[in-house]
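Visitor: using only what follows, build the 3D model:
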Amino acid sequence: MYIRIGDWVKNGQFTLVTSAVVQEEIAPAPQEVKDFFGTMLPHAEIVDIVEEALKLRQAYLDAKIVSAKYSNDALHVALATVSDCPIIVSWNFKHIVHYQKIPLYNAVNILHGYNQISIYSPLEVMKYDD
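Guide: Residues are numbered from 1 along each chain as shown. Presented below is the predicted three-dimensional model:
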């Protein structure tokens, strides 16, 4: 048996932080994904896309962590970082949850005066009951 992240959010054990960037990316997703996201929104904190995050995204791009084509992925990390989120949970294994990129994001964060951020896949943060 396991506990889903959505249950933790609804129970107040996790704070879900999202942004307009996620909302735009969800638009073409399968209905099941949109429905799940819709059930989570009342429990979510929605952060604004602020100048501070845009500058940090640019620093990630300048460091070539991702290319400009994937600047929204860098923006996700930047928004979470400037919002003081302790972790990111993502299925994006190419540009976010990647063993080579995580230390690079954190190096840029430190250089720009931000905290490091932990980045995990959903499977890594699931709680399994005996």
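Visitor: which stretches of the chain form helices?
Guide: Assigned by DSSP state H, the helices in the chain fall at 5-10, 20-26, 31-40, 51-62, 71-82, 101-111, 122-125.
Visitor: pick the most deeply packed of those helices.
Guide: Comparing the helices of the chain by mean neighbour count (mean count of other Cβ atoms under 10 Å), helix 71-82 comes out on top with a mean of 23. For every residue, glycine as well, the C-beta is placed using N, CA and C.
Visitor: quick one: least confident helix or strand in the protein?
Guide: Across the helices and strands of the chain, mean confidence by mean pLDDT, DSSP states H and E is lowest for strand 2-3: a mean of 42.
Visitor: now the helices of the chain as a markdown table including mean pLDDT and distance to residue 89?
Guide: Output for those, formatted as a markdown table (pLDDT from 0 to 100; distance: least, Cβ to Cβ, whole Å):
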| stretch | mean pLDDT | distance to residue 89 |
| --- | --- | --- |
| helix 5-10 | 72 | 7 |
| helix 20-26 | 90 | 12 |
| helix 31-40 | 88 | 12 |
| helix 51-62 | 98 | 18 |
| helix 71-82 | 97 | 10 |
| helix 101-111 | 98 | 13 |
| helix 122-125 | 84 | 6 |
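Visitor: so what pLDDT did the residue nearest the centre of the chain get?
Guide: Central residue of the chain (Cα atoms, centre = their mean): residue 88, 4.2 Å from the mean position. Confidence at residue 88, expressed as pLDDT, is 94.
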